[in-house]
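K.L.:
sequence unknown, structure follows:
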């Protein structure tokens, strides 16, 4: 019983320590240098925004676009 109460208290403490403000660089600290080939250093908001490569769009058309597999001339029988 006491162990469950302790675990619940730890869970509540950890759940309450999330950050609720915007992220900013520390005082007298600069942002990371611009990536190779970039013309400008990205802003903090641009660094936090995921690209399409990091979060690709999802395709739900799996069954409607399925086709019968054609004959494969390189599929050799086992020896």
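P.N.:
It's in. Given the structure is predicted, the values throughout are model-derived calculations rather than measurements. Residues are numbered from 1 along each chain as shown.

K.L.:
List the contacts of the lowest-mean-pLDDT helix or strand in the chain.
P.N.:
Within the chain, confidence by mean pLDDT, DSSP states H and E is lowest for helix 44-48 among all helices and strands, at a mean of 83. When contacts are defined by CB atoms under 8 Å, 6 or more residues apart in numbering, helix 44-48 is touched by residues 22-25, 31-32. For every residue, glycine as well, the C-beta is placed using N, CA and C.

K.L.:
got those residues as CSV, with neighbour count, distance to residue 8 and pLDDT columns?
P.N.:
Output for these, formatted as CSV (neighbours: other CB atoms under 10 Å; distance: CB to CB, whole Å; pLDDT from 0 to 100):
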residue, neighbour count, distance to residue 8, pLDDT
22, 8, 31, 70
23, 9, 30, 69
24, 8, 34, 74
25, 10, 37, 75
31, 11, 40, 72
32, 9, 40, 77
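
K.L.:
Report the distance from the least confident helix or strand of the chain to the chain centre.
P.N.:
14 Å (CA atoms, centre = their mean, to the nearest Å).

K.L.:
swap in stretch 44-60?
P.N.:
For stretch 44-60, the gap between its own C-alpha mean and the chain's C-alpha mean amounts to 7 Å (CA atoms, centre = their mean).

K.L.:
Which helix in this structure has the most residues?
P.N.:
Across the chain, the longest stretch assigned as helix under DSSP state H is helix 2-15.

K.L.:
just checking, what packs against it?
P.N.:
Contact partners of helix 2-15 among helices and strands, from 3 or more CB pairs under 8 Å, 6 or more residues apart in numbering; DSSP states H and E: none.

K.L.:
Buried ones in that helix, by neighbour count?
P.N.:
Neighbour-count burial for helix 2-15, counted by 16 or more other CB atoms under 10 Å, picks out no residue.

K.L.:
returning to what we had before: need the contacts of helix 44-48 in CSV with distance to residue 67, can you?
P.N.:
CSV is the format used below for the contacts of helix 44-48 (distance: CB to CB, whole Å):
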residue, distance to residue 67
22, 48
23, 47
24, 52
25, 52
31, 49
32, 46
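
K.L.:
Pick the one among the residues you listed closest to residue 68.
P.N.:
For these, the residue nearest residue 68 by CB to CB is residue 32; the value is 50.5 Å.
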